[in-house]
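Colleague: sequence plus predicted model, see below.
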Amino acid sequence: AEFMAEDSNENFWRFVTALRSDETVASLDAVETQPYSEAEHEQLASLAVEVAAGMVSPLQLSALRLSLAVRSFAPLVETHRSLAAVSAGVCGGNGGGAWAVAVPSGRVACDSAELAAAVGEGEWPAEKTLAPEALTAEEKVATIDHAFLGAGKSSARLVLYGRVGTSSFWTMHDAAQPLLTTGTVGEVSFRHGAVPTGSSTSTALQGYGVNLDIKNMEYKNLDDGQAVATEGGDGGDGEADAAEEAEEVSFEEGEEVAGFVFSTLLERLPNKGPELQKLHDTLSEETAGNDDGSKMKVWKMRDLGLQATASILGHKDPLVRLKELAEDFPSHANKLSTVKVPKKLRREVERNSQSYLVRSGMMSSGSAGGAAASISVLYVNGRPIDIGLNTFNLFSLLQTIRSETAVLERLAPLDLPQRTAEAILEGGASGEG
């Protein structure tokens, strides 16, 4: 619902009205009173997306799914709930039902039968009236409400709290509608109600985390020099030891490391057992998944980003490969360091980096020089977004995607040639349009 409200208040109420079916209301009422069930909430989310699909474009629908996945509107909903908690206590928590607050009188109507009296001038119980400081908060946050405006000029306002789509919400909504039509109140606003007392339903926020870096301060001195024979020896014992070591070396039959089958090599070169063992160990360290990347040489990391990009682009399913690398990059680092970077990819990265520097004013269009290796940029319709900045967050990116989606939807009916449409988008991104 909040996603729809970002487009317009009318779309918010259209979506809420579209949810008004016996099946949906019954499902929402059941969620109010039962312990949290992930399966039921996913089912309701799917139902909401299905309703929204008939009201928005495919591009907007994809943005809606992303918004739901990252819970981008959770802070706003929690703000509503914190405001609702101030007046919910007047109705004893209301068990997840709906209630309303009359402004500026501060009267709290706990059910639909009390609405008319709450906006009237008759006597009203003091225990159902908000304190002046609480009422001040009600008036100051009106900008986050979803309002229905009446035809009259009355200064009275009703703030309806509830859970969208529940039976108690619709009962209170229907009772408030005549007051708006007759001009008794000038506006009816909606806010999301508090979580029902005793319910396990809660809102988890995403996009926040803690990163802990621990450095091992224990240092060890290791001698990696080659052992030399004791001076004055006849060498006989050394040859015997070497022969013994060669006999003890063995490899698993058919085991392949970096393209070498060491069991076959040992059969062909039985006197090279120790050397083969050292080669086996070295290659295993470089290619095995248990290498966390901390043993990599600095020079191997120079093109690691480009090599990862080449690996993703060359994969039969690039998104799957991207997911694999992103989830456990260190274990893939050594293997990636052996990937050859195509010259075409390297030139494209350099060109993109220079383009970003020119756009951001860090380099003039006539400047020469290589690409800035530290720059990581995401382009949305030609609009550069520096994902390396500490201020970057997914929610701002989502807002950009939504605004660019709106631009695309306005351009689509014009049926412009692709190059013309791209020029318009590029001009808007650079501020020249």
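Modeller: That came through, no problem.
Colleague: which SS state does Ile214 fall under?
Modeller: Secondary structure, DSSP: H, G, I helix; E, B strand; the rest coil: Ile214 is coil.
Colleague: list the residues that contact Leu306.
Modeller: Val341, Leu345, Arg346, Val349 (Cβ atoms under 8 Å, 6 or more residues apart in numbering). C-beta coordinates here come from the backbone N, C-alpha and C atoms, glycine included.
Colleague: emit the ChimeraX select command for whichever of the residues you listed are buried.
Modeller: The ChimeraX command for the buried members of the contacts of Leu306 (criterion: 16 or more other Cβ atoms under 10 Å) is given here:
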select :341,349
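Colleague: can you lay out the contacts of Leu306 as JSON lines showing distance to Cys110?
Modeller: Shown next, in JSON lines, are those (distance: Cβ to Cβ, whole Å):
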{"residue": "Val341", "distance to Cys110": "68"}
{"residue": "Leu345", "distance to Cys110": "66"}
{"residue": "Arg346", "distance to Cys110": "69"}
{"residue": "Val349", "distance to Cys110": "63"}
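Colleague: which one of the contacts of Leu306 sits closest to Val86?
Modeller: Nearest to Val86 out of those is Val349 (Cβ to Cβ; 54.3 Å).
Colleague: what about Thr405, how many neighbours?
Modeller: By other Cβ atoms under 10 Å, 19 other residues sit near Thr405.
Colleague: next, count neighbours for the closest residue to it other than its chain neighbours.
Modeller: Of all residues not flanking Thr405 in the chain, Leu59 sits nearest, at 4.6 Å (Cβ to Cβ, 6 or more residues apart in numbering). Neighbours of Leu59 under the rule other Cβ under 10 Å: 16.
Colleague: related to what we said a few turns ago, now the contacts of Leu306 in CSV, with secondary structure, distance to Val51 and pLDDT?
Modeller: CSV is the format used below for the contacts of Leu306 (DSSP: H, G, I helix; E, B strand; the rest coil; distance: Cβ to Cβ, whole Å; pLDDT from 0 to 100):
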residue, secondary structure, distance to Val51, pLDDT
Val341, coil, 48, 86
Leu345, helix, 44, 87
Arg346, helix, 48, 87
Val349, helix, 43, 81
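Colleague: any idea of the mean pLDDT in stretch 385-404?
Modeller: For stretch 385-404, mean pLDDT rounds to 77.
Colleague: low-confidence regions, the stretch 101-250 of the chain specifically.
Modeller: Across the stretch 101-250 of the chain, the ranges flagged by pLDDT under 70 are 137-142, 152, 194-211, 213, 215-247.
Colleague: show me where it has helices.
Modeller: For the stretch 101-250 of the chain, the helices defined by DSSP state H, counting those that start in this stretch occupy 115-118, 132-140, 167-181, 236-248.
Colleague: let's see the longest one as CSV, backbone CA atoms only.
Modeller: Just to be clear, that refers to helix 167-181. Extracted in CSV, the C-alpha atoms of helix 167-181 (Å, rounded to 0.1, in the frame of the first residue of the first chain):
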residue,chain,number,x,y,z
SER,A,167,-12.9,-6.2,9.0
SER,A,168,-12.5,-3.7,11.9
PHE,A,169,-10.7,-1.3,9.4
TRP,A,170,-13.6,-1.4,7.0
THR,A,171,-16.2,-1.0,9.8
MET,A,172,-14.6,2.2,11.0
HIS,A,173,-13.9,3.3,7.4
ASP,A,174,-17.6,2.9,6.4
ALA,A,175,-18.7,4.8,9.6
ALA,A,176,-16.4,7.7,8.9
GLN,A,177,-17.5,8.1,5.2
PRO,A,178,-20.9,9.7,6.0
LEU,A,179,-19.2,12.2,8.3
LEU,A,180,-16.9,13.3,5.5
THR,A,181,-19.8,13.4,2.9
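Colleague: buried set for that helix?
Modeller: In helix 167-181, counting by 16+ other Cβ under 10 Å, buried: Ser167, Ser168, Phe169, Trp170, Thr171, Met172, His173, Ala175, Ala176, Leu179, Leu180.
Colleague: likewise for stretch 128-139?
Modeller: Within stretch 128-139, the residues that qualify as buried are Lys128, Thr129, Leu130, Ala134, Leu135, Glu138, counting by 16+ other Cβ under 10 Å.
Colleague: what's the answer for stretch 53-67, then?
Modeller: Val56, Leu59, Gln60, Ala63, Leu64, Ser67.
Colleague: now those in CSV, with secondary structure and distance to Gly186?
Modeller: Shown next, in CSV, are the buried residues of stretch 53-67 (DSSP: H, G, I helix; E, B strand; the rest coil; distance: Cβ to Cβ, whole Å):
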residue, secondary structure, distance to Gly186
Val56, coil, 31
Leu59, helix, 37
Gln60, helix, 32
Ala63, helix, 34
Leu64, helix, 32
Ser67, helix, 32
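Colleague: check the residues you listed and tell me the two furthest apart.
Modeller: Of all pairs drawn from the buried residues of stretch 53-67, the one with the longest distance (Cβ to Cβ) is Leu59 and Ser67, at 12.9 Å.
Colleague: pLDDT of stretch 329-337, averaged?
Modeller: Here the average pLDDT along stretch 329-337 is 80.
Colleague: re earlier: from what I see, the residue nearest to Thr405 and Leu411 are in contact.
Modeller: No: using Cβ atoms under 8 Å, Leu59 is not in contact with Leu411; the gap is 11.7 Å.
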